[in-house]
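Novice: A predicted structure for the sequence below; I have some questions about it.
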Amino acid sequence: MKLMFISDIHGSLHWLEQALAKAEEEQPHTLVVLGDFLYHGPRNPLPDGYDPQGVAARLNAYGKSLVAVRGNCDAEVDQMLLQFPMMGDYVLILHEGRKIYATHGHGFSIDNLPPLAPGDVFIQGHTHLPVAEVREGITVLNPGSISLPKENNPNSYAILENGEFIIKDFAGKIVKQIHL
């Protein structure tokens with residue numbers, strides 16, 4: 001089963017359209033959104049193509065193939081616009097015999113892991129920085145941000161399939177990769 005991960009849309013219809021175009025190419029079974037859907041947040045600049053209502057409409061159309069968690073910039077009013085559950089702090093995904101703990105990253109994070117066993121996977125967004133590494137037997141991942149990447153990283157998304165986690169930019173270049 002192929003999974004696609006995106007995070008930190010922050011209301012950018014422009015970058016969401018880029019990500020959904022990649023989803024059409026990649027054909028994932030499920031799109032996992034790691035929070036920060038509509039609002040850009042007080043510390044971030046307005047992203048290109050800022051259109052929260054447009055983002056809500058596009059995600060609602062994609063909703064049946066979508067799993068989502070709440071980010072620190074998401075609020076109950078956002079759930080009123082979005083027609084899929086997105087207010088949970090985390091979701092557990094069983095994938096190819098592995099437990100994946102997916103969250104935004106403002107509570108439990110790569111630096112503050114929840115109770116996990118060696119071989120489990122932890123994935124977050126929030127920092128806008130791509131990560132693919134192993135810490136104490138736990139694979140820790142972050143697809144980066146589709147709209148507001150930090151530290152000169154590219155806008156990015158990630159694919160998980162056949163035990164490979166690959167972070168890509170929108171030109172298709174591999175940013176980071178790890179075998180689970």
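Specialist: Done, it's in. What you see is a predicted model; the values in this text were computed from it and never measured.

Novice: This protein: helices as residue ranges?
Specialist: 13-26, 52-62, 76-81 (DSSP state H).

Novice: List the buried residues in the first one.
Specialist: By neighbour count, with 16 or more other CB atoms under 10 Å as the criterion, the buried positions of helix 13-26 are 13, 14, 15, 16, 18, 19, 20, 22, 23, 26. (Each C-beta comes from the backbone N, C-alpha and C, glycine too.)

Novice: Check the spacing between residue 24 and residue 67 real quick.
Specialist: 18 Å (CB to CB, to the nearest Å).

Novice: got the CA coordinates for stretch 71-79 in PDB?
Specialist: C-alpha atoms of stretch 71-79 as PDB (Å, rounded to 0.1, in the frame of the first residue of the first chain):
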ATOM      1  CA  GLY A  71      -1.700  21.000  13.600                       C
ATOM      2  CA  ASN A  72      -0.900  23.800  16.000                       C
ATOM      3  CA  CYS A  73      -2.400  26.400  13.600                       C
ATOM      4  CA  ASP A  74      -5.600  24.500  13.200                       C
ATOM      5  CA  ALA A  75      -8.800  25.300  15.100                       C
ATOM      6  CA  GLU A  76     -12.300  24.000  15.600                       C
ATOM      7  CA  VAL A  77     -13.600  26.500  13.100                       C
ATOM      8  CA  ASP A  78     -11.400  24.800  10.500                       C
ATOM      9  CA  GLN A  79     -13.200  21.500  11.100                       C
END
